[in-house]
Structures are given as structure tokens and as C-alpha cells.
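In: make a model of this:
(2 chains)
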Amino acid sequence: AQTVTQSQPEMSVQEAETVTLSCTYDTSESDYYLFWYKQPPSRQMILVIRQEAYKQQNATENRFSVNFQKAAKSFSLKISDSQLGDAAMYFCAYNYGGATNKLIFGTGTLLAVQP
Amino acid sequence: DTEVTQTPKHLVMGMTNKKSLKCEQHMGHRAMYWYKQKAKKPPELMFVYSYEKLSINESVPSRFSPECPNSSLLNLHLHALQPEDSALYLCASSLGGTGSYGYTFGSGTRLTVV
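Out: Numbers count the residues shown, from 1 in each chain, chains lettered A, B, ... in the order given. Have a look, this model is predicted:
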């Protein structure tokens, strides 16, 4: 069974600094998709970044980038130049993309940004 | 239109009431989902509709009844709920039936059962 693990329940970062959130996963599939979602207090889950497992190049979206290590089954999120608006719960998620089409979430990391 | 719209945003209902949650998207997405989320927990999948057919039911109690009248609309009918059903109910949609491009989520309905 596929599982997603986030070992950091809470993290804190100073404004303008860089922070890295960790995520590991377990799967026997060779082709799959990984995501980071942000959920601020407004409740809406927002897609931050997406990685296709068959692509070796790490995905980047402005201040957000990932370090995807397929062999190690690791998918960490780096937030550069942290802003107050980055404060939120961050969920790592996995999708096999097959007929079952289930987005499997990790337990989440609550990120606080200190001014 | 790049949104998933959920109504109502808040709902308080008694254990004998019948109510419905509504979800709508006009992005042409062909898969739609219902998730239940408790505070500080990840969302838990309830139902998946793919091309307007129920494809996944995660053994959800029958007091929750999903309905997909068309490819843009998803309802969740509620009846005889329990206090432990109080949660944030999230609707999502995805392009195609595999979710490989990620899901677009609505802002949820905060449900309180009294």
C-alpha cells in the first residue's frame, strides 16, 4: 500500500529565510505523481507544486522548489525568502494516476513564519 | 473560471435533519471528489466520481449519499448524522479521471452536527 510520511508536525522560519519541509513515501509503482498542497486558515487547499516521477528535473514554482530523490523515495519542499503569507499547513501528497485515482496525503506540517 | 465553488460555507444541523452540500466547477474537469477533514488532520477521501459515475466509495456510512447530476455538479446528501460527523467537507475536481495534474479544491463547508 502507498503511504506518505511527514515527520515534522511543526516548523518555524524567520521572514525572508529559507525552510525545508520533509516528505517520504512508499510505493511499488515506477510512475506516479507527487504534490505539495498548502492549506492556510482560510481552509482552501492550494496546489503549490507538482512533480512527475519519471522526470529527473526537480520542479520549481517561483520561491518554491522540491528536492525529489526517487531512489530514496523522498520529496522535500524548499521555501525561499519566506513571507508571512506562507504560514499554513503543508501537506505532501501522492497519486498513482491509475484507475484508482486516489490522492494520498501525509499528516501535514504546520509552518509558522516569524516577523 | 478556475474555481471549485462549495455551498454553503457553514452548516449547523440537528441529528434528525436532512441537508445537502453542493459543489460546482466549470473547468471541464471529469473527476470530482468528496473529502472529510478533521481539525489539524489530512483530508480523508469519501467518494470519487469519474465521468459522472461513482468509482470509489471508501466505505462511508449510508447517512452520507453522494450524487453527480452532471459533469459540473456534485452533491452530498446528509441524513441522520452524528456529532462525530462534524468536520470540514471539501470538494475537489481534477482534469481527466486520473488526478495526475493534481486536484483543485473548494474552500469547504464547515459542518456542525448538534
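In: and the helices in chain B?
Out: With DSSP state H as the definition, chain B shows no helices.
In: so which residue is dead centre in it?
Out: residue B:34 (3.0 Å; Cα atoms, centre = their mean).
In: that residue reaches residue B:88, doesn't it?
Out: No. Taking contacts as Cβ atoms under 8 Å, residue B:34 lies outside contact range of residue B:88: 11.5 Å. For the C-beta atoms, the positions are set from N, CA and C on the backbone; glycine is no exception.
In: and the gap between the nearest residue to residue B:60 once chain neighbours are set aside and residue A:3?
Out: Distances taken as Cβ to Cβ, 6 or more residues apart in numbering or on different chains put residue B:46 closest to residue B:60, at 4.9 Å, once the chain neighbours are dropped. Between residue B:46 and residue A:3 the distance is 19 Å, computed by Cβ to Cβ, to the nearest Å.
In: ok, now residue A:25?
Out: According to Cβ to Cβ, residue A:25 stands 7 Å off from residue A:3.
In: between the two, which one's more packed in?
Out: Each of residue A:25 and residue A:3 has its neighbours counted (other Cβ atoms under 10 Å in any protein chain shown); residue A:25 has more, 20 against 11.
In: contacts only, for residue 66.
Out: Here I'm looking at chain A. Residues in contact with residue A:66 (Cβ atoms under 8 Å, 6 or more residues apart in numbering or on different chains) are A:34, A:36, A:49, A:51, A:58-60, A:75-78.
In: that answer is for a different chain, and I need it for chain B
Out: Per Cβ under 8 Å, 6+ apart, neighbours of residue B:66: B:34, B:46-47, B:49, B:54, B:74-77.
In: which bits of chain A sit near chain B?
Out: A:33, A:35, A:37, A:42-47, A:50, A:52, A:89, A:91, A:95, A:97-103, A:105-108, A:110 (Cβ under 8 Å from any Cβ of the partner chain).
In: low-confidence ranges in chain A?
Out: Confidence mapping of chain A against pLDDT under 70 gives the ranges A:97-100.
In: next one: chain B
Out: In chain B (pLDDT under 70), the answer is B:1, B:97-98.
In: ranges for the strands of it?
Out: B:4-7, B:10-13, B:18-25, B:31-37, B:44-50, B:53-57, B:64-70, B:73-79, B:87-94, B:104-105, B:109-113 (DSSP state E).
In: cool, and chain A?
Out: Using DSSP E, strands in chain A cover A:3-5, A:10-14, A:19-21, A:24-26, A:33-39, A:46-52, A:60-61, A:64-69, A:74-79, A:88-95, A:103-105, A:109-114.
In: tell me which other helices or strands the fifth one touches.
Out: Under the contact definition 3 or more Cβ pairs under 8 Å, 6 or more residues apart in numbering or on different chains; DSSP states H and E, strand A:33-39 sits against strand A:46-52, strand A:64-69, strand A:74-79, strand A:88-95.
In: how does it look with 7 Å?
Out: Applying 3 or more Cβ pairs under 7 Å, 6 or more residues apart in numbering or on different chains; DSSP states H and E, one finds that strand A:33-39 contacts strand A:46-52, strand A:88-95.
In: just the C-alphas of it, formatted as PDB.
Out: Extracted C-alpha coordinates of strand A:33-39, given in PDB (Å, rounded to 0.1, in the frame of the first residue of the first chain):
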ATOM      1  CA  TYR A  33       2.900  12.000  -9.200                       C
ATOM      2  CA  LEU A  34       3.800  13.900  -6.100                       C
ATOM      3  CA  PHE A  35       2.400  17.200  -4.800                       C
ATOM      4  CA  TRP A  36       2.700  19.800  -2.100                       C
ATOM      5  CA  TYR A  37      -0.500  21.400  -1.000                       C
ATOM      6  CA  LYS A  38      -0.800  24.500   1.200                       C
ATOM      7  CA  GLN A  39      -3.800  25.000   3.500                       C
END
